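*Asks:* whatever this is, show me its structure:
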Amino acid sequence: MQTNRKTMPFRSIFDAGELKSELENSGIKPSFMPYIWKHVIQNPSAELDQIPSLPSAAYPLLSSKFKTLTSSVHSATDSSDHLTTKLLIKLQNGALVEAVIMRYDSSLGKHNGKSHHGGARSTLCVSSQVGCKMGCTFCATGTMGFKSNLTSGEIVEQLVHASRISPIRNVVFMGMGEPLNNYNALVEAIRVMTGLPFQLSPKRITVSTVGIIHAINKFHNDLPGLNLAVSLHAPVQEIRCQIMPAARAFPLVKLMDSLQQYQKNSQQKIFIEYIMLDGVNDEEEHAHQLGKLLDTFQVVINLIPFNPIGSLSKFKTTAEEKVSTFQKILRGTYGIRTTVRKEMGQDISGACGQLVVNPNKRSSDNAVPLTDIEDLQKQHLCCNIIIRSVLNLHRFSIFPFNL
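*Replies:* Now for the predicted structure:
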């Protein structure tokens, strides 16, 4: 049952719409909002009535209706290689969501035979919902069912929490939930992230979706410059419906028409996520079907090794040799840039498709270091690889984007 957010005693100070409305109703200019946020970020222990230089009417308003943070970090778990940190975040209503920090060092990568400069940077994979109603059969989060949407402030607070652990340069919406099913909060949160004081570049934000057609149709107009990643996972409607029940509402033909229009309007590459399930969607026939389906698009395909989810797993991981053959067909026959994602955070159940709230469970697999997403971008590769890696910490199974 969906939580009624209006019953919450306090709103997050990062709920931009609510804050703007309350300030305007009290005759206070909304231009104070970035100043308030900057003070909260820089002063973690400060209360709202301690923010200097605000109009006197602002203090009782802020203290009575808002909190600096409505969520808290319940736990932070590092992978064995210390490249990934999974945050279990407790919301004001007691629900738990996960966010994953993935760290990369661009100095370790090379482009045209030369080492990159720029050093370490981090990507944050955030959740947009508690649970998910899409029901993808290969995804742990899907087993939770849908609990509630996050407010825009609860989404932004994941960035605030993560930034206090590691400087965040890129954000991917590939955590718990289907971002486009919480569209208004998603748009508002991203506008906060790209404005003062966060000032993230839209090019460094990627939103992943199973293919919510009506939302894709307005995505570019509402959030120009962002990266779109589509969790396709099958080249034909029949297989999609078998592994992704929500696909019945979004026929593949109509989805591809929507993506064609999106690409025409945005002039941006689309990132295609394709999870490899042994004996289900990983045969050579499927590779040819996928190549023909995407032949007229400008895309980067990210092949994702299936991450087992314990006793819930009814699928098996495709053998590396089979994945390589699949990739060679897409590259060689159809000329489509295709990458194979390396996983990060499997040992803390933070890899793609593994995100499901379970504060006590840990897996014993070893994490594998990854190339930085930005390095991949410079090589014209898909940033999805990195994002997916981050999501590996939770349930993430949709990664897109140019970080």
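
*Asks:* where does the prediction get shaky in the stretch 151-300 of the chain?
*Replies:* Residues of the stretch 151-300 of the chain that meet the criterion pLDDT under 70 are absent altogether.

*Asks:* could you pull out the strands for it?
*Replies:* Under the criterion DSSP state E, counting those that start in this stretch, strands of the stretch 151-300 of the chain are mapped to 168-173, 205-209, 227-231, 270-276, 299-305.

*Asks:* who does the fourth one touch, helix- and strand-wise?
*Replies:* Meaning strand 270-276. strand 227-231, helix 252-266, strand 299-305, helix 320-332, helix 384-391 (3 or more Cβ pairs under 8 Å, 6 or more residues apart in numbering; DSSP states H and E). Quick note: C-beta positions are derived from backbone N, CA and C, even for glycine.

*Asks:* most packed of these?
*Replies:* helix 384-391 (a mean of 36; mean count of other Cβ atoms under 10 Å).

*Asks:* that older thread, export the strands of the stretch 151-300 of the chain to TSV and append columns for distance to residue 75.
*Replies:* Formatted as TSV, the strands of the stretch 151-300 of the chain follow (distance: least, Cβ to Cβ, whole Å):
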stretch	distance to residue 75
strand 168-173	19
strand 205-209	25
strand 227-231	27
strand 270-276	27
strand 299-305	26
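
*Asks:* nearest to residue 181, out of these?
*Replies:* When these are ranked by proximity to residue 181, the top entry is strand 205-209, at 8.6 Å, counting by Cβ to Cβ.

*Asks:* tell me which strands and helices that closest one is in contact with?
*Replies:* strand 168-173, helix 183-194, helix 213-222, strand 227-231, helix 384-391.

*Asks:* wait, which of the ones you listed is closest to residue 45?
*Replies:* It's strand 168-173; of the helices and strands packed on strand 205-209, that one is closest to residue 45 (Cβ to Cβ) at 20.8 Å.

*Asks:* quick one: strands adjacent to that closest one?
*Replies:* The strands beside strand 168-173 in its sheet (DSSP bridges) come out as strand 120-125 (parallel), strand 205-209 (parallel).

*Asks:* tilt between the longest one and helix 183-194?
*Replies:* Taking axes from the mean of the first three to the mean of the last three Cα atoms, to 10 degrees, one finds that strand 120-125 is oriented at 160 degrees with respect to helix 183-194.

*Asks:* how about strand 120-125: buried residues?
*Replies:* 121, 122, 123, 124, 125 (16 or more other Cβ atoms under 10 Å).

*Asks:* tabulate the residues you listed (JSON lines), appending pLDDT and distance to residue 339.
*Replies:* Output for those, formatted as JSON lines (pLDDT from 0 to 100; distance: Cβ to Cβ, whole Å):
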{"residue": "121", "pLDDT": "82", "distance to residue 339": "19"}
{"residue": "122", "pLDDT": "94", "distance to residue 339": "20"}
{"residue": "123", "pLDDT": "96", "distance to residue 339": "16"}
{"residue": "124", "pLDDT": "97", "distance to residue 339": "21"}
{"residue": "125", "pLDDT": "96", "distance to residue 339": "17"}
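
*Asks:* wait, residue 289 touches residue 238, no?
*Replies:* No - counting by Cβ atoms under 8 Å, residue 289 sits too far from residue 238 to count as a contact (11.0 Å).

*Asks:* between those two, point out the one with more neighbours.
*Replies:* Neighbours per residue (other Cβ atoms under 10 Å) separate residue 289 from residue 238, with residue 289 holding more: 16 against 9.

*Asks:* residue contacts, the more buried one?
*Replies:* By Cβ atoms under 8 Å, 6 or more residues apart in numbering, the residues touching residue 289 are 235, 236.

*Asks:* top strand in the chain by residue count?
*Replies:* Identified as the longest strand of the chain according to DSSP state E is strand 96-105.

*Asks:* and that strand, what does it pack onto?
*Replies:* With 3+ Cβ pairs under 8 Å, 6+ apart as the test, strand 96-105 has strand 84-90, strand 120-125, strand 129-131, helix 152-163, helix 373-378, helix 384-391 packed against it.
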